[in-house]
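Trainee: curious how this folds, go ahead:
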Amino acid sequence: MPDPQGAIARQLFDAVTFDIDPAALSFGGGTVLAARWQHRTSDDVGLFCRLDVYEQLDGADLARIEAAVRKIPGCDRERTWCETMALYTEIHSIEATILPRSTAPNQERQYELAGTPLRLQNTDEILYGKLFERLYRSATITVRDVYDVASAARHDRPALQRVLAHLSRQIPVEIEARLASLPRGWSRQDPQPLIDPAHDWTEAALVDAARAAMQPSARGRPGPER
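Mentor: Just a heads-up that it's a prediction; the model follows:
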């Protein structure tokens, strides 16, 4: 993982592991996916905490975590908060979060981030978050999440198939319906290609590609582990 994102992830990890079990934390989201696929730019830092661990944090724990994060060099103290929903901060103008997440499939592989025992999420985990947490559960659909799901069909179809097979069959159907209902101009980037893409999708073509990823043909037999 390149710096500065990797360095910020390590600093954030070191700051919060006095109160959060290091084994419950992982580094994932679009930034890790972008580093892996080189399909778009991404400069935020997303750490994820196992939901059952985050739910055990009380007000005093959250206050200590927030105070520790505020001491990170380059932290914008005015834009730092830690609540029951999440931790948010900006370090050297880069957004960094810790979000509680339910258990995702296929978490057995372990990595280290430059000697820090912070696990990098594998592609299955990241796509699970994109599909279940972002496109299915979130009230707002963002361009980057749609773009990542559409790109998955080209960059790692076996991982996409495994995650779709893990979800109940109704979830991809409902995601596809949400995508189909997006109004023209929803991305605020039409008709230009989106987020420095490797593919020249316009807004409409991007939605079509993401919808196609939800179709039964994309939910075939899972491929081999990558």
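
Trainee: could you check how far R157 is from V53?
Mentor: Here R157 is placed at a distance of 32 Å from V53 (C-beta to C-beta, to the nearest Å). No exception for glycine: its C-beta is placed from N, CA and C like everyone else's.

Trainee: meant to ask about Y147
Mentor: On the measure of C-beta to C-beta, Y147 and V53 end up 30 Å apart.

Trainee: which residue of these two possesses the greater neighbour count?
Mentor: When Y147 is set against V53 and neighbours are counted by other C-beta atoms under 10 Å, the residue ahead is Y147, at 23 against 14.

Trainee: which pLDDT does the model give the more buried one?
Mentor: Taken from the predicted model, the pLDDT recorded for Y147 is 92.

Trainee: check which helices and strands the helix or strand hosting it sits against.
Mentor: Y147 belongs to helix 143-155 when assigned by DSSP states H and E. Using 3 or more C-beta pairs under 8 Å, 6 or more residues apart in numbering; DSSP states H and E as the contact definition, the elements that helix 143-155 packs against are helix 29-37, helix 123-128, helix 157-166, helix 203-213.

Trainee: list the strands paired with the helix or strand of the chain with the lowest mean pLDDT, with their directions.
Mentor: Of the helices and strands making up the chain, the lowest-confidence element is strand 119-120, at a mean of 86, by mean pLDDT, DSSP states H and E. As defined by DSSP bridges, the strand partners of strand 119-120 come to strand 25-28 (parallel).

Trainee: using CSV, write out every CA atom in the partner strand.
Mentor: Listed next in CSV are the C-alpha coordinates belonging to strand 25-28 (Å, rounded to 0.1, in the frame of the first residue of the first chain):
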residue,chain,number,x,y,z
LEU,A,25,-9.1,-4.1,12.7
SER,A,26,-8.5,-4.3,9.0
PHE,A,27,-7.6,-1.8,6.2
GLY,A,28,-9.8,-2.0,3.2
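
Trainee: residues contacting it, please?
Mentor: Contacting residues not belonging to strand 25-28 are listed as 1, 9, 13, 16-17, 45-50, 98, 113, 118-121, 125-126, 129 [C-beta atoms under 8 Å, 6 or more residues apart in numbering].

Trainee: which parts of stretch 139-152 are buried?
Mentor: 141, 143-152 (16 or more other C-beta atoms under 10 Å).

Trainee: distance to W37 added to these, as a markdown table?
Mentor: Shown next, in a markdown table, are these (distance: C-beta to C-beta, whole Å):
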| residue | distance to W37 |
| --- | --- |
| I141 | 20 |
| V143 | 16 |
| R144 | 13 |
| D145 | 14 |
| V146 | 15 |
| Y147 | 11 |
| D148 | 9 |
| V149 | 12 |
| A150 | 12 |
| S151 | 7 |
| A152 | 9 |
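
Trainee: nearest to H39, of those?
Mentor: S151 (4.9 Å; C-beta to C-beta).

Trainee: hmm, that closest one is touching R36, no?
Mentor: No. S151 is not in contact with R36 according to C-beta atoms under 8 Å; the separation is 10.8 Å.
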